[in-house]
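Engineer: Have a look at this prediction, sequence included:
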Amino acid sequence: MTNTTKDRILEVKTLWHSYGLAPALRGVDLKAARGEFVTLLGPSGSGKSTLLRILAGLELPTKVDAMILDGQDVSAIPANRRNVSTVFQHYGLFPHLNVRENVEYGLRARKVPAAERREKALRMLDQVQLGGFAERPISRLSGGQKQRVAIARSLVLEPVILLLDEPLGALDEKLRIDMQVELLELQRRLQMTFIYVTHSQEEALTMSDRILLMNDGNIVQTGTPEDMFDRPNSRFSASFMGVENLLDAKVTAINGKTATVDVNGTLIEGLWTGTDLPAVDDTVCCGFRSERVHLSNEENGETNHLEGRLTSHIYKGKYLDLTYQTAIGPIRMRSWQSNVAPTETARIAWRKDQTILCPST
Ligand code: ADP
């Protein structure tokens, strides 16, 4: 997905927001391209909802240099005159109206004639797989169906951007996973820009073109799901993206992006994934994913090896989660051969480009 000026549908420059004295957003920049699926990911309290509410116009920012939506600066334009819609976790449907009437609600407020309203609502209900449910009372819908109605009600207004605040948070796991795929297909079909808030790294990885990782009112890393998964730029990003093995290390050599670090007396080679290159003797973080590590009795071009003694193994159905005690501490490894009993001692190996080296904060 390109993000040239021509394709850009949203640009926010240096956005600050405080509730009383406490800053919730600290000079955030944000861009989105037409048709892009952008996810705001981060722990609770990192500022995701505040940013979304400001984009919607539901909250006025304390200070912003510019907020350009579809070519127009909307920083001073109220919610009802911005062409954006928001889907919340708690659907906010009207219980006394049926499915179709809920979807038509915003069009009615815009004084769209009845026949056109009905036609648009029915078309949108088809898009969210609720074609046969138009006259059903809201009380007779499941959670997933209610959320689909809420999405149809937002989309029928043809917003330039759809904002979604943890829309699947109230659904059980199986339904949530099905709805992720459905939402993604809908977004691709409509080629609409979605800005999606979640605290779930798995959800962000599944759905996004681009992820903006937030912490304490800042966007701390922006990247594709692959970047975020394999190249976190800080210990915080690595930890939030679920890198299981994270160790304190000291840089002993650096050559371009390749660095060697000392972890408890063992030398490990990896690639620097942080922004500014470190210097020799800097304390950094060394990380590698449990699914990138494997057992090896031969040299297969891996740079990094450790001898390990099995201390725990947990059967997870499709895989085994193993822990080996090594010279650098306990190392977690995922084995996809869940029907093969792990050996008591093993040689663990992984490649240089599977080692994340980044700042330790
Ligand atoms: P997230 O969506 O990432 O959980 P929020 O944007 O809700 O984060 O919150 C960011 C910070 O702003 C938090 O410290 C939160 O306590 C604070 N905050 C959010 N809403 C309000 C509010 N209405 N009044 C006061 N503080 C708020």
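Structural biologist: Good, I have the coordinates. Since the model is a prediction, treat every value here as computed from it, not as a measurement.
Engineer: Thr275 is in contact with Asn233, isn't it?
Structural biologist: Yes: using CB atoms under 8 Å, Thr275 is in contact with Asn233, at 5.8 Å. Where you see a C-beta, it was placed from the backbone N, CA and C, and this is true even at glycine.
Engineer: and the lowest-mean-pLDDT helix or strand in the chain, what does it pack onto?
Structural biologist: Across the helices and strands of the chain, mean pLDDT, DSSP states H and E gives its lowest value to strand 294-295, namely a mean of 86. For strand 294-295, the packing partners by 3 or more CB pairs under 8 Å, 6 or more residues apart in numbering; DSSP states H and E come out as strand 329-335, strand 345-350.
Engineer: From Arg34, how far out is the residue nearest to Val112 when sequence neighbours are not counted?
Structural biologist: Closest residue in space to Val112, ignoring its immediate chain neighbours: Lys120 at 7.4 Å, by CB to CB, 6 or more residues apart in numbering. Counting by CB to CB, to the nearest Å, the gap from Lys120 to Arg34 is 22 Å.
Engineer: element containing the residue nearest to Val112?
Structural biologist: Assigned by DSSP states H and E, Lys120 belongs to helix 114-127.
Engineer: sorry, back to before: out of the helices and strands packed on strand 294-295, flag the one nearest the ligand.
Structural biologist: strand 329-335 (28.0 Å; CB to the nearest ligand atom).
Engineer: Compare neighbour counts for Thr275 and Asn233 and give me the winner.
Structural biologist: Asn233 (22 against 10; other CB atoms under 10 Å).
Engineer: I figured the more buried one was touching Leu357, is that so?
Structural biologist: No: between Asn233 and Leu357 there is no contact under CB under 8 Å: 10.6 Å.
Engineer: Next, show the common contact partners of the two.
Structural biologist: Contact criterion CB atoms under 8 Å, 6 or more residues apart in numbering; residues shared by Asn233 and Leu357: 273-274.
Engineer: centroid residue for this protein?
Structural biologist: The centre of the chain sits closest to Ala204, judged by CA atoms, centre = their mean, with a distance of 2.8 Å.
Engineer: shaky segments in this structure?
Structural biologist: 1-6, 298-299 (pLDDT under 70).
Engineer: That one against the ligand: which residues are in contact?
Structural biologist: With CB under 6 Å from any ligand atom as the criterion, the chain comes near the ligand at residues 19, 24, 42, 44-50.
Engineer: Quickly list the domain ranges of this structure.
Structural biologist: Following automatic domain parsing, one gets these domains for the chain: 8-230, 235-359.
Engineer: any chance you could map the strands in the stretch 1-150 of the chain?
Structural biologist: 8-19, 22-33, 37-41, 63-69, 72-73, 84-88 (DSSP state E, counting those that start in this stretch).
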